[in-house]
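>>> Sequence first, then the predicted structure, then my questions.
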Amino acid sequence: MRRVVLFLVALVVFMLAVPVAAGVITYLERGDDGVFRPVVVRNGKKTVIDQAAISGPALNREGSRIAFTLDDPSLGSYALAVIDSSGGNVEIVGDGSWGELDPSWSPDGQRLVMSWYPTVVMHQTAVGVLNLETGEVHSVPGTEGGSRPDWSPSGEWILFEREGAVWATRRDGSDERMIATNGRDPTWGPAPNQITFIQGSDLVRTSLMGEPGIVVRSFEGSLESPTCRPEGCSVLTYSGVGWDGRDNARAWFLPTHGKAGIRAHLGRSAGLDAAGKPGLLDYFVDDNGIVHEDAINRIALEGISVGCDPPENIRFCPGDAVTRGEMAAFLVRALDLTRSDDAGFEDSAESVFKRDIGAIAAAGVTYGCNPPQNDLYCPRKELTRGEMAAFLVRALELPPGEPDHFVDDDQSVFAADIDALASAGITVGCNPPENTLFCPDRSIARGEMATFLVRGVLER
């Protein structure tokens with residue numbers, strides 16, 4: 001039986017001479033017909049490549065080319081192909097005779113390292129190197145039984161998996177060494193001398209010297225396709241069993257500095273690779289095509305929102321009103337405020353957002369909801385657009401703005417805040433295309449809130 005390898009060997013992107021492209025992410029997505037195809041997302045734009053795939057995809061260093069294994073019976077036992085990340089110029093670079101799987105690019109982009117069957121009788125894999133210019137393939141000596149290789153950023157070393165252990169060897173087969181007795185899917189990074197791999201449900205890190213591994217993060221479900229670069233690592237998690245049974249795939253990003261979070265919900269997907277700064281993917285299933293979609297994806301990418309339907313969190317509920325409690329949580333995440341147990345309000349102690357409310361109260365973002373006493377916060381009350389203006393003006397310390405941007409806020413207690421927000425370019429109004437109104441007394445929807453936060457916090 002032919003061995004179907006589902007895991008992606010990640011491309012590690014380091015600070016090398018040739019710059020990487022920003023926002024390029026690729027993975028395999030299962031269509032309604034049951035076929036997995038490569039997908040590339042470049043700076044938020046998604047392109048599905050109409051080629052059936054069984055392994056990969058792997059980006060080259062510049063993020064301009066993708067290598068993957070075709071699932072085409074006419075080519076024999078899986079052949080390697082290379083395609084532009086724009087989706088054009090498909091080139092079959094292997095003949096399929098040797099079951100070519102798990103591609104990873106050399107730093108110079110001239111060769112691919114892969115797992116393959118060097119003999120006609122497919123009983124044992126080895127690590128092979130394919131020269132893209134000449135088409136010649138050779139096995140790396142001593143790598144019999146190896147699979148899922150990854151080329152080091154220096155080009156000198158190759159990582160691979162064998163019999164449930166992580167190994168490294170120089171590209172000529174010399175100086176072979178065991179890195180970890182229990183591990184799979186090894187990849188280089190995020191630092192040049194670090195090695196990251198999967199151990200059970202943990203993402204573990206060590207070095208070429210093989211020190212005891214340090215658990216970077218533990219996950220629920222199955223893991224595959226770790227890929228690292230200086231700013232952090234990505235990994236795919238999924239539920240279900242087997243190639244056809246997988247579901248609920250999620251792409252995680254673990255920054256070198258900062259909090260880890262889900263980059264995207266990918267459904268029935270496999271494999272993952274990224275080059276450059278993480279790009280935007282479609283995090284939620286209920287915001288497609290709306291005017292606030294990009295902003296929603298942006299705050300999800302930054303970890304400001306995780307969704308509205310825990311624990312699945314595949315929906316954002318863009319049309320739902322934002323409560324004052326939810327707004328406190330959004331601002332704490334967006335501004336990285338320190339949570340506090342002491343909010344000073346009589347009605348916040350039982351709220352799930354009590355520590356977020358404490359944080360924005362301590363920062364002077366809110367004074368309460370019942371002036372002049374202001375001993376209540378009203379965490380369950382829907383937030384109005386006028387209140388949102390006041391929150392953002394205080395949080396961002398905006399200067400006074402030019403008056404009379406809108407015709408409906410003159411009698412609002414928040415008129416000055418609305419003017420400051422408009423002068424800063426954070427709001428343009430509530431009645432496009434005229435935008436002569438601000439609608440200060442209307443509840444603010446979660447989609448609108450996302451756009452406010454992007455303009456006010458992430459783009460300032």
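Nice, thanks for sending it over. Numbers count the residues shown, from 1 in each chain.
>>> count of neighbours near the residue nearest to Glu163 when sequence neighbours are not counted?
Nearest residue to Glu163, sequence neighbours excluded (Cβ to Cβ, 6 or more residues apart in numbering): Gly145, at 6.3 Å. No exception for glycine: its C-beta is placed from N, CA and C like everyone else's. Neighbouring residues of Gly145 were enumerated by other Cβ atoms under 10 Å; the total is 14.
>>> What values do phi and psi take at the residue lying closest to Arg442 once chain neighbours are set aside?
With Cβ to Cβ, 6+ apart as the criterion, Arg442 has its nearest non-adjacent residue at 5.5 Å, and that residue is Arg385. Here is the backbone geometry of Arg385 (degrees, to the nearest 10): phi -60, psi -30.
>>> shouldn't the residue nearest to Glu163 be in contact with Phe160?
No: with contact defined as Cβ atoms under 8 Å, Gly145 does not reach Phe160; the gap is 9.2 Å.
>>> Mind jotting down where the strands sit in the stretch 151-300 of the chain?
157-162, 165-170, 177-180, 184-188, 194-199, 202-207, 214-218, 222-229, 232-239, 247-255, 261-267, 269-275 (DSSP state E, counting those that start in this stretch).
>>> now, of those, which is deepest in the fold?
Mean neighbours per residue, mean count of other Cβ atoms under 10 Å, is largest over those for strand 269-275, with a mean of 28.
>>> Kindly format the C-alpha coordinates of it as PDB.
Output of strand 269-275 as PDB, limited to C-alpha atoms (Å, rounded to 0.1, in the frame of the first residue of the first chain):
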ATOM      1  CA  SER A 269      -7.700  21.600   5.400                       C
ATOM      2  CA  ALA A 270      -4.100  20.100   5.600                       C
ATOM      3  CA  GLY A 271      -0.600  21.500   5.500                       C
ATOM      4  CA  LEU A 272       0.500  25.000   6.200                       C
ATOM      5  CA  ASP A 273       3.400  27.300   5.200                       C
ATOM      6  CA  ALA A 274       4.000  31.000   5.400                       C
ATOM      7  CA  ALA A 275       6.600  33.500   4.200                       C
END
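>>> Show me what it pairs with in its sheet, parallel or antiparallel.
strand 24-30 (antiparallel) (DSSP bridges).
>>> what distance separates the partner strand from the middle of the whole chain?
Strand 24-30 has its C-alpha centroid displaced from the chain centroid by 11 Å (Cα atoms, centre = their mean, to the nearest Å).
>>> orientation of it relative to strand 222-229 in degrees?
160 degrees (axes from the mean of the first three to the mean of the last three Cα atoms, to 10 degrees).
>>> and the next element down the chain from strand 24-30?
Downstream of strand 24-30, the first helix or strand assigned by DSSP states H and E is strand 36-42.
>>> Does anything pack onto whichever helix or strand comes after that next one? Which helices or strands?
Per DSSP H and E, the first helix or strand lying C-terminal to strand 36-42 is strand 45-48. In terms of contacts (3 or more Cβ pairs under 8 Å, 6 or more residues apart in numbering; DSSP states H and E), strand 45-48 is packed against strand 36-42.
>>> Now do the same contact list for Asp441.
Shown in contact with Asp441 (Cβ atoms under 8 Å, 6 or more residues apart in numbering): Thr384, Arg385, Gly386, Ser412.
>>> In terms of pLDDT, where does the second one sit?
This points to Arg385. Model confidence at Arg385, given as pLDDT, is 97.
>>> Touching, it and Pro440? I think so.
Yes: the pair Arg385 and Pro440 qualifies as a contact (Cβ under 8 Å) at a distance of 5.5 Å.
>>> Show me how this structure divides into domains.
Per automatic domain parsing, the domain ranges recorded for the chain read 24-281, 299-458.
>>> Reformat the ones you listed as a markdown table; add distance to Asp287.
Shown next, in a markdown table, are those (distance: least, Cβ to Cβ, whole Å):
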| stretch | distance to Asp287 |
| --- | --- |
| domain 24-281 | 12 |
| domain 299-458 | 5 |
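>>> mean pLDDT for those: which is lowest?
Among the domains of the chain, domain 24-281 carries the lowest mean pLDDT, at a mean of 84.
>>> Now do the same contact list for Asp404.
Asp410, Asp419.
>>> Nearest to His405, out of the strands of the stretch 151-300 of the chain?
His405 lies closest, by Cβ to Cβ, to one member of these: strand 261-267, at 35.2 Å.
>>> which ones are touching Trp105?
Counted by Cβ under 8 Å, 6+ apart, Trp105 has contacts Leu11, Ala58, Leu59, Asn60, Arg61, Arg65, Ala67, Arg111, Leu112, Trp151.
>>> Report how many residues lie close to Val413.
Residues near Val413, counting by other Cβ under 10 Å, number 12.
>>> Gly386 is in contact with that one, correct?
Yes: if you go by Cβ under 8 Å, Val413 and Gly386 touch, sitting 7.2 Å apart.
>>> Quick check: neighbours shared by those two?
Residues touching both Val413 and Gly386 (Cβ under 8 Å, 6+ apart): there are none.
>>> Where do the helices of the chain begin and end?
For the chain, the helices defined by DSSP state H occupy 242-245, 293-301, 324-335, 354-362, 385-396, 415-423, 446-453.
>>> how about these in CSV, adding mean neighbour count and distance to Gly307?
Listed next are the helices of the chain as CSV, based on neighbours: other Cβ atoms under 10 Å; distance: least, Cβ to Cβ, whole Å:
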stretch, mean neighbour count, distance to Gly307
helix 242-245, 11, 24
helix 293-301, 23, 8
helix 324-335, 23, 12
helix 354-362, 23, 17
helix 385-396, 23, 20
helix 415-423, 22, 26
helix 446-453, 24, 10
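>>> Thank you kindly, that will do.
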